[in-house]
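In: Fold the following, please.
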Amino acid sequence: MDESARPARRLLDAARRYAGRKRRQLRRLSRKSLRFALLLAGAALVALVSMGFAQLADLALHWNGRMLADRGWLAFVVLPLGLVVVRWLTLKFAPNAVGSGIPQVIAALSLRGGPAQTRLVSLAQTLWKIPLTFATLLIGGSAGREGPSVQIGAGVMLAWGRYCQRRVADLRGFRPNELIAAGAAGGLAAAFNAPLAGVVFAIEELGRGTVLRWDRLVLLGVLAAGFMVVALSGNNPYFGMFGVDGGQGGLWAWALACGLVNGVLGGVFARLLGKGAPGLVPRAWRGVVRRRPLATAFVLGLAIAALGGVTGGAIYGTGYAQASTLLAGGQLDAQGFGLAKLLATVLTYAAGVPGGIFTPALTTGAGIGAHIGELAGAAADQRLLVLVSMAAFLAAATQSPLAASVVVMEMTGSQPMLFWLLAGSLVASVVSRQFCPMPFYHLAARRFRQAAAEPAPQAGQASTTQAGVR
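Out: Modelled structure (predicted):
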């Protein structure tokens, strides 16, 4: 080769190497961008499904209110028969949609990828959760939609990730566990219109006892689902803005009292939920209760209707209206609302129908806070005690004090009250463990994990373990 051509040759080789590196960098960048775009698309799907589910739930509550407004006696017909129908449909078509949905997600996160994991958060099972939860609220069951939104979000995101893997062959990084966690926490963030609460819930509750790789894209997906709801529906706290000053002297003593009382009652609440319907009856009757789930649902429906009759229908549904009234400083006509709501939620959950405990736990705490406020009189603002008790009871029921505090803070726009929310929640969580050592969601998740390990049941049949899962 001519000596004069060598520098040009070396320059050309260097340019080719540089161009090759840039092409590889662009390919990596394009894969990352595509992955991020697809994750945002999945978050948008979760947000839209959650918003639609919220509208349906509100419609069910509205129809229930109109149906029973002047015909309270009708609850003694609608609730028993309705719970029987919903329980039958659940057993036949969607056994993994029973109850809250959060235990199923926690159980799925603790399993290796495969049929057992997919069965708990499959799209078919989770979509059944929407009409079945709608029916539970329509007939007057004391349940919420936020727990179901978690399982629905997990199912939607997992299905979307698998669709993307099939359609985009070189797309990597969509691991089932991260997809389930992102969809579940995104579903909660979208349901409560609380993006930060979704992230905290994912880390404290879903990440407890499981191995999760908290990729930044997963956390961005959770935030994206929450912020998309904020963008579409506005930055409106779930319970409205809480405008009371938290700097009152002596509040620490009442916050401690709220933590203690709600810790005891929340621990009992979690323990009763964990026992299910068999745990509510004498030992001699437990075999009959397990063998006759439809008859059990009928009897529990009569008991819920009786509670509704005593409280003027205040215990039906989520209890959102009652909690909002108490946070605004109003009073309820129903005496003993907090304790009645606690019992109604336990009975609804024991019936084995789809429906969450998140909002009912918050409204139960609001009722207990109002009872404490009656004792406090002029020594403390009842609205502050209601707010602290909401977080404390939820923390006692779930043993997740940080998530409970952040959820209530975002749902009420009460950022200045975060210290008192944390104080009450931490005390309640410690006290609750004396009555229910294992967090309720994880206790229920263990049973779902055992059920998922069994061979898949035939269509229309629940597995032997699932028959007792709540």
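In: any weak-confidence spans in this structure?
Out: The chain contains residues with pLDDT under 70 at 1-32, 113, 168-174, 207-217, 234, 241, 243-250, 453-470.
In: Next, name the residue at the spatial heart of it.
Out: The centroid of the chain falls nearest to residue 147 when counting by C-alpha atoms, centre = their mean (2.6 Å).
In: check contacts around that residue.
Out: Taking C-beta atoms under 8 Å, 6 or more residues apart in numbering, we find residue 147 in contact with 99, 100, 101, 102, 355, 356, 357, 358. Every C-beta, even on glycine, is put in place using the N, C-alpha and C of the backbone.
In: From residue 236, how far off is residue 438?
Out: Distance, residue 438 to residue 236, using C-beta to C-beta, to the nearest Å: 36 Å.
In: ok so, going back, the residue nearest to the centre of the chain sits in which helix or strand?
Out: Per DSSP states H and E: residue 147 is located in helix 146-167.
In: repeat for residue 218
Out: helix 216-233.
In: which other helices and strands contact that helix?
Out: Applying 3 or more C-beta pairs under 8 Å, 6 or more residues apart in numbering; DSSP states H and E, one finds that helix 216-233 contacts helix 6-68, helix 176-192, helix 195-201.
In: Now do the helices in the stretch 351-470 of the chain.
Out: Applying DSSP state H, counting those that start in this stretch to the stretch 351-470 of the chain gives helices spanning 358-376, 382-398, 401-412, 418-432, 440-453.
In: Looking at those, which one is packed in the most?
Out: Stretch with highest mean neighbour count among the helices of the stretch 351-470 of the chain: helix 382-398 (a mean of 31; mean count of other C-beta atoms under 10 Å).
In: what's the angle between that helix and helix 418-432?
Out: Angle between the axes of helix 382-398 and helix 418-432 is 40 degrees (criterion: axes from the mean of the first three to the mean of the last three C-alpha atoms, to 10 degrees).
In: Kindly format the C-alpha coordinates of helix 382-398 as PDB.
Out: Extracted in PDB, the C-alpha atoms of helix 382-398 (Å, rounded to 0.1, in the frame of the first residue of the first chain):
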ATOM      1  CA  GLN A 382     -63.000  15.900  66.700                       C
ATOM      2  CA  ARG A 383     -61.900  16.300  63.100                       C
ATOM      3  CA  LEU A 384     -58.300  15.800  64.000                       C
ATOM      4  CA  LEU A 385     -59.100  12.700  66.000                       C
ATOM      5  CA  VAL A 386     -61.100  11.400  63.000                       C
ATOM      6  CA  LEU A 387     -58.200  12.000  60.700                       C
ATOM      7  CA  VAL A 388     -55.600  10.300  63.000                       C
ATOM      8  CA  SER A 389     -57.900   7.400  63.700                       C
ATOM      9  CA  MET A 390     -58.400   6.700  60.000                       C
ATOM     10  CA  ALA A 391     -54.600   6.200  59.500                       C
ATOM     11  CA  ALA A 392     -54.300   4.400  62.800                       C
ATOM     12  CA  PHE A 393     -57.000   1.800  62.100                       C
ATOM     13  CA  LEU A 394     -55.700   1.200  58.600                       C
ATOM     14  CA  ALA A 395     -52.200   0.800  60.000                       C
ATOM     15  CA  ALA A 396     -53.500  -1.700  62.600                       C
ATOM     16  CA  ALA A 397     -55.400  -3.700  60.000                       C
ATOM     17  CA  THR A 398     -52.400  -3.900  57.600                       C
END
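In: Which other helices and strands does it contact?
Out: In terms of contacts (3+ C-beta pairs under 8 Å, 6+ apart), helix 382-398 is packed against helix 251-275, helix 320-327, helix 358-376, helix 401-412, helix 418-432, helix 440-453.
In: hang on, the earlier thing: which among the contacts of residue 147 gets closest to residue 448?
Out: Each of the contacts of residue 147 was checked against residue 448 using C-beta to C-beta; the closest is residue 99, at 9.0 Å.
In: separation between that closest one and residue 348?
Out: Using C-beta to C-beta, residue 99 is found at 10 Å from residue 348.
In: shared neighbours of those two, which are they?
Out: With C-beta under 8 Å, 6+ apart as the test, residue 99 and residue 348 both reach residue 355.
In: what's near enough to touch the closest residue to residue 329 other than its chain neighbours?
Out: Residue nearest to residue 329 in three dimensions, not counting chain neighbours: residue 383, with 5.3 Å by C-beta to C-beta, 6 or more residues apart in numbering. Residue 383 sits next to 242, 244, 326, 327, 328, 329, 373 when contact means C-beta under 8 Å, 6+ apart.
In: returning to that earlier point: with distance to residue 123 as added columns, please give the helices of the stretch 351-470 of the chain in CSV.
Out: Below are these laid out as CSV (distance: least, C-beta to C-beta, whole Å):
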stretch, distance to residue 123
helix 358-376, 22
helix 382-398, 26
helix 401-412, 26
helix 418-432, 34
helix 440-453, 16
